[in-house]
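Enquirer: everything below, folded, please.
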Amino acid sequence: MQQTDAIHLIQKAITGNRPQKWADLGSGSGTFTLALKSILPEGSQLTAVDKQDQNLPVPFVKADFEKDDLPLSGLDGILIANAIHYISDKTKLIKKLETYFAGRPMFLIVEYDTTTSNPWVPYPVDYQNLHQLFTNLGYLSITKLAEISSRFGGRMYAALIRL
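Expert: The predicted model follows:
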């Protein structure tokens, strides 16, 4: 994915010019980490988390965001880009992640808009099912921000979810 595509997907999530504190869970090599870093207001903090060592220009934590306790607190937002499809119990994960926020949780999710699993997307969550998942957890604002064609076929979407 090109950096411009990543920015296009998530740029509507960041509003205002107040510094914010974010985490990118399952950052991988940093495509979305760098996209988010480029659109966050000056003075913002961003921490990347991944199971594999990554060389990124932001603070990095080597951890499994599903299983490990993370050294995160006071967050304004959590980005999970192309990673929640590895989690079978998404409700349990969301409940765990809610404890890392300073106030009301805000999730920025980027995913494939499919319900068909494969070896690379074992637990897919299309936008309709993501909307239902967060609605069931009491979230009131679930907005599809953008979508693009995936180079692997089908579509990808970005959604902003607020409690």
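
Enquirer: the residue nearest the centre of the chain pairs with what?
Expert: Nearest residue to the geometric centre of the chain (CA atoms, centre = their mean): Ile80, 1.9 Å. Counting by DSSP bridges, Ile80 is bridged to Leu25, Ile109.

Enquirer: what of Ser141?
Expert: In beta-bridge terms (that is, DSSP bridges), Ser141 pairs with Arg162.

Enquirer: what about it, how many neighbours?
Expert: By the criterion of other CB atoms under 10 Å, Ser141 has 11 neighbours. For glycine as for every other residue, the C-beta is placed from the backbone atoms N, C-alpha and C.

Enquirer: list the contacts of it.
Expert: Counting by CB atoms under 8 Å, 6 or more residues apart in numbering, Ser141 touches Leu160, Ile161, Arg162, Leu163.

Enquirer: for whichever strand or helix holds the first one, packing partners?
Expert: Using DSSP states H and E, Leu160 sits within strand 155-162. The contact analysis (3 or more CB pairs under 8 Å, 6 or more residues apart in numbering; DSSP states H and E) places strand 155-162 against helix 3-10, strand 106-112, helix 127-136, strand 141-149.

Enquirer: state the distance from the residue nearest to the centre of the chain to Thr33.
Expert: According to CB to CB, to the nearest Å, Ile80 and Thr33 sit 12 Å apart.

Enquirer: which residues do those two both contact?
Expert: With CB under 8 Å, 6+ apart, Ile80 and Thr33 have common neighbours Asp24.

Enquirer: surely Ser150 touches Met156?
Expert: Yes - between Ser150 and Met156 there is a contact under CB atoms under 8 Å: 4.8 Å.

Enquirer: those two - which one has more neighbours?
Expert: Met156 (22 against 16).

Enquirer: beta-bridge partners for the more buried one, please?
Expert: Counting by DSSP bridges, the residues bridging with Met156 are Tyr112, Ile148.

Enquirer: just Asn118 next, same as before
Expert: Val121.

Enquirer: can you say which of the contacts of Ser141 are buried?
Expert: With burial judged by 16 or more other CB atoms under 10 Å, the buried subset of the contacts of Ser141 is Leu160, Ile161.
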